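Colleague: need a 3D model of the following:
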Amino acid sequence: MGKHILLIGVSEGELATDHTEHSPAIANITALKETLLTEIDGLRDDQVITLINPDLRQMRHAIALMTYRCRHGDLCLIYYTGCGVIDARTGTIYLPANDTRLDALTTTAISSDYIRQALPSIQEGLSRVMILDCMWGALPAQTSGHGSGHGTGRLEPGLTPHPSRLSATQLADCNCALFTALGSNTQPWPKANADLSLYTHCLIEGIATGLADVDADGNISMGDLQTYMAQALRETNQEILPIALGAGSAQDVLLSAKPYSPEREYHRSVAEYAQKHQGHISPTERNILEFLRHQLGITPQQAVDIEADVMRPYVVHQENCDRYRHAFMTALELEAPLGNPLKKWLRHLQGELALSYEEVSTIEAQILSHHQPAGLQTLPRWLTPVEPPKLPAHSPNGHSSRNP
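Modeller: Alright, predicted model coming up:
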């Protein structure tokens with residue numbers, strides 16, 4: 001089965017600027033693409049097209065190009081994340097670009113009508129899927145913007161039609177299976193953490209862990225994804241309602257997981273626990289990992305090698321933090337308060353060590369709170385100063401001394 005995946009993230013433009021704050025759209029796109037390429041069997045980089053803050057022309061061109069390349073039995077998947085709009089009168093959805101205007105929504109955004117016409121027909125044996133992770137807004141019914149395409153309605157974030165109304169309208173007739181979710185008026189776009197939205201976080205987790213393969217047959221089908229997303233979102237205890245509508249059979253294969261590997265599973269488990277505590281594993285988690293090691297048939301030496309591989313980035317990061325800490329302490333001993341030359345050098349070192357502004361600020365604050373100026377006796381070996389250049393000797397009359 002060929003795969004054609006289009007990932008679109010919009011965090012800029014009139015609608016995004018007015019109605020979203022700290023949009024997770026770009027982080028969603030980045031994380032989802034990485035997960036798909038890592039976890040999906042046989043997926044190549046050239047099969048995943050990414051659009052970040054595209055204009056309308058770029059979105060239409062990408063959809064047209066993808067559908068042109070689709071053949072019988074292929075997967076045709078569109079993922080969109082941003083500020084979506086639902087027409088309260090008809091249920092038609094609009095996916096804005098970065099140049100979409102609310103007063104001309106029907107002509108400056110991608111509609112479900114356009115997608116239905118653009119995608120190959122249902123008779124061509126394709127798996128056609130749309131996954132929409134949006135902060136949904138609604139146009140009031142009396143000012144829906146239809147007809148001339150220059151409606152004057154005001155977008156109401158979070159105020160969307162009832163799902164029973166959506167299922168009976170064009171939302172269910174966009175020539176593809178549709179997966180999305182509706183937030184509440186108070187939380188129109190729930191977040192999982194500082195970076196990802198809740199819906200995409202659950203989607204990525206399901207693919208990465210294999211839990212989205214509900215029937216454990218090695219494939220994530222339409223029915224698997226619907227069941228998993230409903231369960232995963234319910235377990236978050238957030239006010240978010242998953243929706244699955246449209247064409248296709250529940251048995252249609254959406255994605256195929258990579259073949260099972262005990263080593264990969266143990267590596268994934270160690271990485272999950274290490275990520276929770278920035279490279280530290282608690283005693284309870286250590287017991288769980290030891291249990292998994294026995295069950296998966298991983299030898300003690302394999303476990304040591306796998307954990308060393310997982311922990312390597314955390315070890316390097318800690319070494320970089322220690323190096324910056326020593327450099328900052330040394331700089332303070334040389335000059336307090338720091339002058340611009342040392343400040344500039346420290347910023348260069350920060351970039352060289354790949355440390356964030358927040359990380360170095362924390363390190364500096366900790367040192368400054370305990371710093372007591374003292375004479376510096378020696379520099380660390382890795383901060384050994386360069387020998388100053390030797391200047392030519394001068395005679396008392398101002399001329400360089402030369403041998404006759």
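Colleague: quickly list the domain ranges of the protein.
Modeller: 3-256, 262-375 (automatic domain parsing).
Colleague: show the subsequent helix or strand relative to the helix ranked longest in the chain.
Modeller: Longest helix in the chain, counting residues (DSSP state H): helix 300-334. Next along the chain after helix 300-334, taking DSSP states H and E as the criterion, comes helix 340-352.
Colleague: low pLDDT regions in the stretch 51-200 of the chain?
Modeller: Applying pLDDT under 70 to the stretch 51-200 of the chain flags residues 120-126, 139-175, 194.
Colleague: ok, 80 please
Modeller: Within the stretch 51-200 of the chain, the segments meeting pLDDT under 80 span 72-73, 88-91, 119-127, 137-176, 185, 193-194.
Colleague: in it, which spans are helices?
Modeller: 56-69, 105-108, 112-118, 163-166, 198-209 (DSSP state H, counting those that start in this stretch).
Colleague: and the longest helix of the chain, average pLDDT?
Modeller: Mean per-residue pLDDT for helix 300-334: 92.
Colleague: check which residues of it are buried.
Modeller: For helix 300-334, a neighbour-count test (16 or more other CB atoms under 10 Å) marks 302-303, 306-307, 310-311, 317, 320-321, 323-324, 327-332 as buried. In this view, the C-beta of every residue, glycine as well, is placed from N, C-alpha and C.
Colleague: out of the helices of the stretch 51-200 of the chain, deepest packed?
Modeller: Ranked by mean neighbour count, the helices of the stretch 51-200 of the chain are led by helix 198-209 with a mean of 22 (mean count of other CB atoms under 10 Å).
Colleague: hmm, who's touching that one?
Modeller: Residues from elsewhere that reach helix 198-209, judged by CB atoms under 8 Å, 6 or more residues apart in numbering: 24, 28, 31-32, 35-36, 38-40, 81, 131, 133, 180-181, 190-193, 196, 211-212, 220, 225, 228-229, 232-233, 236, 238, 240, 255, 257, 268.
Colleague: can you select the buried ones from those residues in ChimeraX?
Modeller: Selection of buried members from these for ChimeraX, criterion 16+ other CB under 10 Å:
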select :24,28,31,32,35,36,39,40,81,131,133,180,181,190,192,196,211,212,220,225,228,229,232,233,238,240,255,257,268
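Colleague: among the contacts of helix 198-209, name the ones in strands.
Modeller: Among the contacts of helix 198-209, DSSP state E puts Thr81, Ile131, Asp133, Thr180, Ala181, Ile220, Ile240, Leu255 in strands.
Colleague: what sits against the second one?
Modeller: What it means is Ile131. By CB under 8 Å, 6+ apart, the residues touching Ile131 are Leu77, Ile78, Tyr79, Tyr80, Phe179, Thr180, Leu203.
Colleague: and Leu119, how far is that from Ile110?
Modeller: Going from Leu119 to Ile110 by CB to CB, to the nearest Å gives 12 Å.
Colleague: I should have written Thr330 there, sorry.
Modeller: Thr330 is 56 Å from Ile110, by CB to CB.
Colleague: what do you get for Gly42?
Modeller: Shown here: Gly42 relative to Ile110, a distance of 29 Å by CB to CB.
Colleague: again, but for Glu205
Modeller: To Ile110, Glu205 is 28 Å away according to CB to CB.
Colleague: please apply the same query to Leu346.
Modeller: According to CB to CB, Leu346 and Ile110 sit 47 Å apart.
Colleague: who's more crowded, the two?
Modeller: Legend: neighbour count by other CB atoms under 10 Å for Leu346 and Ile110, higher for Ile110 (22 against 16).
Colleague: which residues does that one bridge with?
Modeller: According to DSSP bridges, Leu95 are recorded as the beta-bridge partners of Ile110.
Colleague: wait, it sits on Leu56?
Modeller: Yes - using CB atoms under 8 Å, Ile110 is in contact with Leu56, at 7.2 Å.
Colleague: can you list residues touching both of these two?
Modeller: Counting by CB under 8 Å, 6+ apart, the contacts common to Ile110 and Leu56 are Ala97.
Colleague: tell me the contacts of Leu255?
Modeller: Applying CB under 8 Å, 6+ apart to Leu255 gives the contacts Leu36, Ile40, Leu75, Ile207, Asn219, Ile220.
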